[in-house]
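> Sequence and computational prediction follow.
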Amino acid sequence: MGKVCEICGKKGSTGNKVSHSNKKTRRTWKPNIQTMLADIKGERKRINICTSCMKTGKVKRPAIQQPSGEIH
């Protein structure tokens, strides 16, 4: 499982860490990927999604069903 958002395709990027003495070393920036239960095409599916897609509401959370069949 990679650290890639299944909605927007956001993934890690690389660059240089620059110290005070201007010495450069390689580093990576990783996106904040969370596993979430989502309602996709009428079925519940566990997906990897970045928190920015969660905040903007690009994915709908499924309704929680009680054992008695009631929807909360």
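Sure thing, it's come through.
> Which stretches in this structure count as strands?
According to DSSP state E, the chain carries its strands in the segments 13-18, 24-29, 33-40, 43-50.
> Who are the packing partners of the last one?
To tie it back to what came earlier, the one meant is strand 43-50. Strand 43-50 sits against strand 33-40, with contacts defined as 3 or more C-beta pairs under 8 Å, 6 or more residues apart in numbering; DSSP states H and E. No exception for glycine: its C-beta is placed from N, CA and C like everyone else's.
> where in this protein is pLDDT low?
Of all residues in the chain, those with pLDDT under 70 make up the ranges 1, 66, 68-72.
> thinking again about what came up before, nearest to residue 59, out of the strands of the chain?
strand 33-40 (4.5 Å; C-beta to C-beta).
> tell me the angle that closest one makes with strand 43-50.
150 degrees (axes from the mean of the first three to the mean of the last three C-alpha atoms, to 10 degrees).
> And the strands of the chain: which comes nearest residue 5?
Nearest of those to residue 5, taken as C-beta to C-beta: strand 43-50 at 4.0 Å.
> Centre of the chain to the closest one, how far?
Between the centre of strand 43-50 and the centre of its host chain there is 9 Å, according to C-alpha atoms, centre = their mean, to the nearest Å.
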